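A.B. asks: Sequence and computational prediction follow.
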Amino acid sequence: HEPGAATTAAADGFRAFAPPGRIEPERVDTACARLPQAARVEQNRPTPRPARVAERRQAFSGIEGDHRSSLSIAREENPLNGPQSICLLRLSALGDVTHVVPLIRTLRRAWPEVALTWVIGKGEQKLLEGLPGVDFLVYDKNTGFAGMRAIKRELHGRRFDVLLQMQVAARANLLSAFLPAKRRIGYDRSRSKDLHGLFVNERIPDRPGIHVLDAIGSFCEPQGLKQNEVTWDLPVPEAAREWARAQWPDDGSPTLAISPCSSHALRNWRPERYAAVAEHAASRGWRIVMLGGRSPLERDTSDAILAAMTTPALDLVGKDTLKQLPALLERADLLMTPDSGPMHIANAMGTKVLGLHAATNPRRSGPYSDIRFCVDRYDDAARRYLGKPASELKWGTRIEHDGVMDLVTIDDGIAAFERCCAARGAAG
């Protein structure tokens, strides 16, 4: 995720890799910098689309659920004066690279001819392969320094006009030193860690209280742009959609997909609680579909959920690819998941999300377009584990403590599901 509080690190050896002549602008006053205009949100809208799915997307289009973008998109400079080449550095994770796609769209709208290069992780590139107008350079974190040197060789001496250094972890900071660029734009000081400031010479505005996607979107601001239109249009091949359509019939029954695992284990909910909400949904005529990757945790968790259920469910755990996952999520009417990559991919595909939040704040890292169907126990977690209300925490604080997700009850999950049912009914 977009970084939170700064941390202290003693790694003076990194200074040898820092770009020369670091110039950092003064911090922008947040009271003046915050722009409350809501962004226009567009999810994936392939054509043709089955009538039932098209009607559902139209019914739930737009920004809903008390989410407000803090950025607006407008060109402040003549786009003809823009850069000729931009390198984006964001290696991981699946949800975060999904948040970068609207920034790509913003840059491309402003400067249709700009050359965009994205240094990205292996799995993340598989998800976004085919994104038009982007040249991917894949870095495998297991290759260490050798992989960084290989990236530099692959550039063949190229120097970028702008580097967008959108990841503050030590590995990404060090990798950025192998990416020559005149302007090196990074995070504001409050979000920086692992000597991030040594590798950048400009910073984005410091705006606490905004969504991760908006923070990433603000990387266009030092370039004279602002973002008020959020468009994903993820590259999903027709073959992936055909595979997804073959997994269950389009018989009019609504579908609840469950992707039960986050890569952060302390964000995960108990299997028996997933099962209880799934049983309730099944009693209301919903189809239940289990989704997940091939890790032992995802397989074991899904098996425990299925064992606790008396209603049959379609088990697709470990059976899809990263290209097929968005197509599956697109077919679902609702996804139940903790704060995870599938949450953000589903949102990008236009599918509503029943997000389970206690360890993280849904207003910062929940489904961007609509948080009405999320369970929010973040304030309860702050009071129990940190001894203060969420309003007094530094924006971005994670409360990943043992047992924190137990604050999310079965009744919370059922109530969120019923809110979705009521919204569907009201939409006709």
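C.D. replies: Done, it's in. Numbering: from 1, shown residues only.
A.B. asks: where are the low-confidence patches of this protein?
C.D. replies: Low-confidence regions of the chain, defined by pLDDT under 70, span residues 1-80, 428.
A.B. asks: Quick check, central residue of it?
C.D. replies: Nearest to the mean C-alpha position of the chain, counting by C-alpha atoms, centre = their mean, stands Gly95 at 3.0 Å.
A.B. asks: Show me what the helix or strand where that residue lies is packed up against.
C.D. replies: With secondary structure defined by DSSP states H and E, Gly95 is part of helix 94-110. With contacts defined as 3 or more C-beta pairs under 8 Å, 6 or more residues apart in numbering; DSSP states H and E, the packing partners of helix 94-110 are strand 73-75, strand 85-89, strand 115-120, helix 122-128, helix 212-217, strand 225-227, strand 229-231, helix 341-348. C-beta: built from backbone N, CA, C; applies to glycine.
A.B. asks: quick one, which of these is nearest to Ala170?
C.D. replies: Nearest to Ala170, of all the helices and strands packed on helix 94-110, is strand 85-89, at 13.3 Å by C-beta to C-beta.
A.B. asks: Mind listing the strands that closest one pairs with, and their directions?
C.D. replies: Partner strands for strand 85-89, per DSSP bridges, with pairing direction: strand 115-120 (parallel), strand 160-165 (parallel).
A.B. asks: between that strand and helix 94-110, what angle do the directions make?
C.D. replies: Orientation check (axes from the mean of the first three to the mean of the last three C-alpha atoms, to 10 degrees): strand 85-89 against helix 94-110 gives 170 degrees.
A.B. asks: what's next to strand 85-89, contact-wise?
C.D. replies: Under the contact criterion C-beta atoms under 8 Å, 6 or more residues apart in numbering, strand 85-89 has outside partners 100, 103-104, 107, 114-119, 158, 160-167, 172, 175-176, 179, 181.
A.B. asks: I'd like to know which of the residues you listed are buried.
C.D. replies: The neighbour-count test (16 or more other C-beta atoms under 10 Å) applied to the contacts of strand 85-89 identifies 100, 103-104, 107, 114-119, 160-167, 172, 175-176, 179, 181 as buried.
A.B. asks: Could I get the buried residue list for the helix holding Gly95?
C.D. replies: Using 16+ other C-beta under 10 Å as the burial criterion, the residues of helix 94-110 that qualify are 94-107, 110.
A.B. asks: Make a markdown table from the helices and strands packed on helix 94-110 and add distance to Gln324 to it.
C.D. replies: Formatted as a markdown table, the entries for these read as follows, by distance: least, C-beta to C-beta, whole Å:
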| stretch | distance to Gln324 |
| --- | --- |
| strand 73-75 | 31 |
| strand 85-89 | 25 |
| strand 115-120 | 19 |
| helix 122-128 | 11 |
| helix 212-217 | 24 |
| strand 225-227 | 30 |
| strand 229-231 | 22 |
| helix 341-348 | 11 |
